[in-house]
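**Student:** dropping the sequence and predicted coords here.
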Amino acid sequence: MRDPRCGGMVVALLAGACVAASAQDSPFNVRGLGVPGRFESVRARATGGAFAAFDQLSVLSDVAVVDVTSLTATAVGVASFLTDDLNGVRGSRRTGRFPLFQVSGPLWHGVVLAGGFTTYLDRSYRVVIKDTITLGGSGQAVTDNLSSDGGVTDIRVVAAKRVGRIAFGAGVHLLTGSARVLAQRLFSDTSAYRSVTQTDEIAFTGMGGSASAMVNVARGLAVTVYGRSDTRLTSQVRTATVAVNDLPITIGGAVRWQPAPEAGFAAAVTRRSWSSAADSGAFNTTSWSAGAQLGSGGRPFRFGVRGGDLPFGPRRAPREFAVAAGTGLTLAGGRGVIDLTLERLRRTGGGLTETGWSVLFGLTVRP
């Protein structure tokens, strides 16, 4: 539940930013706890995330690393070019992120260990609100600048092992991170009124655990189920707790069909209980994805679609839909892999429409 002890300007930031006139980062990050990150590598993202539960480089399911045969490190970079339309008011922006890094490798007796980090919640935005308020019996034009830079990072350590046709995985998660928030009010009549500014840094902490299993049902056919339970996200300002929010339970499943080495198809669905995360304006979410990978060797072609809900909105859960495609290039006999993905995204909710393109770059090294 939320603690009401936040400063007045910060509360105004969270409550009022939904009527922003312009934005530097996603306006959907303003409400609630932000926008959940995507636990997918670049090659899995090209399939809409459909292969993420089976992908050694993704962090959606712990069991996926079970097929890692040598020390492997992977990193992801994302550049997005987006346009927001809020009831006819438009704004464009560019963002850059490095949302995922992981190192994995075999240990002993078939056990594979992996560790790294990924974005759990994105809390970055900058919005501008222009309004007129009444002071001293007359109207005064004001401009409110509201911003947050940061988010919550998921640091994880997982292990997986195969026993015959079944593989198991489990992991522990440390949630950490911070966001620098600013709330500023500027008056058009600078001779009579001074500007007011408040800045703070909010630190986040939490814990979680996860488990998953993968079964090779038949030749070329595999099924993965996964679950995760996170505790509570504690928000602190100058060591004082200002909010404690329950975090969701996640359950999901995926199926992969590989009829030939050069052709693979997959689909996945995930359910998260976000409605417990806030006093109001939070919704349980369901997301789905379907995709394919064609071709073998060093230059495959991947494509896919995904859709689903975002957890925080004014009256109902915002919706998102994306299509993606990508390829990869294998170098040095498999010791280096470069993956590229292009994604088209559309989000809608609360009178806001967000559209744009994301270019994803992935680098994998096996020394």
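**Tutor:** That came through, no problem.
**Student:** did I read that right, residue 127 in a strand?
**Tutor:** Yes: if the criterion is DSSP: H, G, I helix; E, B strand; the rest coil, then residue 127 is within a strand.
**Student:** ok, and what's touching stretch 160-173?
**Tutor:** Contact with stretch 160-173 is made by 61-67, 109-112, 114, 154-159, 207-216, 228, 230, as judged by CB atoms under 8 Å, 6 or more residues apart in numbering. All C-beta spots, glycine's among them, are computed from the backbone N, C-alpha and C.
**Student:** now that stretch: average pLDDT?
**Tutor:** What stretch 160-173 shows for mean pLDDT is 96.
**Student:** what residues sit buried inside that stretch?
**Tutor:** 160, 161, 162, 167, 168, 169, 170, 171, 173 (16 or more other CB atoms under 10 Å).
**Student:** ok, of these, which one's closest to residue 221?
**Tutor:** Checking these against residue 221 with CB to CB, the nearest one is residue 167 at 14.5 Å.
**Student:** where's the closest one, which helix or strand?
**Tutor:** Using DSSP states H and E, residue 167 maps to strand 166-187.
**Student:** what about residue 174, neighbour count?
**Tutor:** Using other CB atoms under 10 Å, residue 174 has 14 other residues around it.
**Student:** tabulate the buried residues of stretch 160-173 (TSV), appending distance to residue 304.
**Tutor:** Below are the buried residues of stretch 160-173 laid out as TSV (distance: CB to CB, whole Å):
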residue	distance to residue 304
160	24
161	29
162	26
167	23
168	27
169	23
170	27
171	25
173	26
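**Student:** which among the residues you listed gets closest to residue 36?
**Tutor:** When the buried residues of stretch 160-173 are compared against residue 36 (criterion: CB to CB), the nearest one is residue 173, at 13.6 Å.
**Student:** how far away from the center of its chain is the strand holding residue 167?
**Tutor:** Centroid separation for strand 166-187 versus its chain: 10 Å, with CA atoms, centre = their mean, to the nearest Å.
**Student:** paired strands for it, with orientation please.
**Tutor:** Sheet partners assigned to strand 166-187 using DSSP bridges are listed as strand 138-163 (antiparallel), strand 196-218 (antiparallel).
**Student:** any buried residues in the first one, and which?
**Tutor:** Same thing as strand 138-163. Across strand 138-163, burial judged by 16+ other CB under 10 Å covers 142, 144-154, 156, 158-162.
**Student:** just the pLDDT for the spatially most distant residue from the centre of the chain.
**Tutor:** Distance from the C-alpha centroid of the chain, by CA atoms, centre = their mean, peaks at residue 137 (46.4 Å). Among the per-residue scores, residue 137 shows a pLDDT of 79.
**Student:** give me phi/psi at it?
**Tutor:** Main-chain torsions, residue 137, degrees, to the nearest 10: phi 80, psi 0.
**Student:** re the thing from before, let's have the strands paired with strand 166-187 in TSV, adding distance to residue 120.
**Tutor:** Converted to TSV, these look like this (distance: least, CB to CB, whole Å):
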stretch	distance to residue 120
strand 138-163	4
strand 196-218	8
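**Student:** what ranges do the helices span in this structure?
**Tutor:** Secondary structure of the chain by DSSP state H: the helices cover 8-16, 42-45.
**Student:** what's the least confident stretch among those helices?
**Tutor:** Minimum mean pLDDT among these: helix 8-16, a mean of 33.
**Student:** run a quick neighbour tally on residue 193.
**Tutor:** Residue 193: 15 neighbours (other CB under 10 Å).
**Student:** which residues touch it?
**Tutor:** Residues in contact with residue 193 (CB under 8 Å, 6+ apart) are 135, 140, 187.
**Student:** residue 51: which of those residues is nearest?
**Tutor:** Nearest to residue 51 among the contacts of residue 193: residue 187, at 53.7 Å, using CB to CB.
**Student:** measure the closest one to residue 138 for me?
**Tutor:** 12 Å (CB to CB, to the nearest Å).
**Student:** picking that back up, out of the strands paired with strand 166-187, the one nearest residue 299 is which?
**Tutor:** Residue 299 sits nearest to strand 196-218 of all the strands paired with strand 166-187, at 26.9 Å, using CB to CB.
**Student:** okay, buried residues for the closest one please.
**Tutor:** Within strand 196-218, the residues that count as buried by 16+ other CB under 10 Å are 200, 202-208, 210-214.
**Student:** would you list those residues in TSV and tack on distance to residue 50?
**Tutor:** Compiled in TSV, the buried residues of strand 196-218 are given as follows (distance: CB to CB, whole Å):
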residue	distance to residue 50
200	40
202	35
203	35
204	30
205	33
206	28
207	29
208	24
210	19
211	21
212	16
213	18
214	15
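**Student:** format these as a markdown table; extra columns: pLDDT and distance to residue 223.
**Tutor:** As requested, the buried residues of strand 196-218 are exported to a markdown table (pLDDT from 0 to 100; distance: CB to CB, whole Å):
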| residue | pLDDT | distance to residue 223 |
| --- | --- | --- |
| 200 | 93 | 47 |
| 202 | 94 | 40 |
| 203 | 96 | 40 |
| 204 | 96 | 34 |
| 205 | 97 | 35 |
| 206 | 97 | 30 |
| 207 | 97 | 29 |
| 208 | 97 | 24 |
| 210 | 98 | 17 |
| 211 | 98 | 15 |
| 212 | 98 | 11 |
| 213 | 98 | 9 |
| 214 | 98 | 7 |
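**Student:** next up, phi/psi of the residue lying closest to residue 310 once chain neighbours are set aside, please.
**Tutor:** Excluding the flanking residues, the one nearest residue 310 by CB to CB, 6 or more residues apart in numbering is residue 318, at 4.2 Å. Residue 318 adopts backbone torsions of phi -60, psi 160, taken as degrees, to the nearest 10.
**Student:** good, we can wrap up now.
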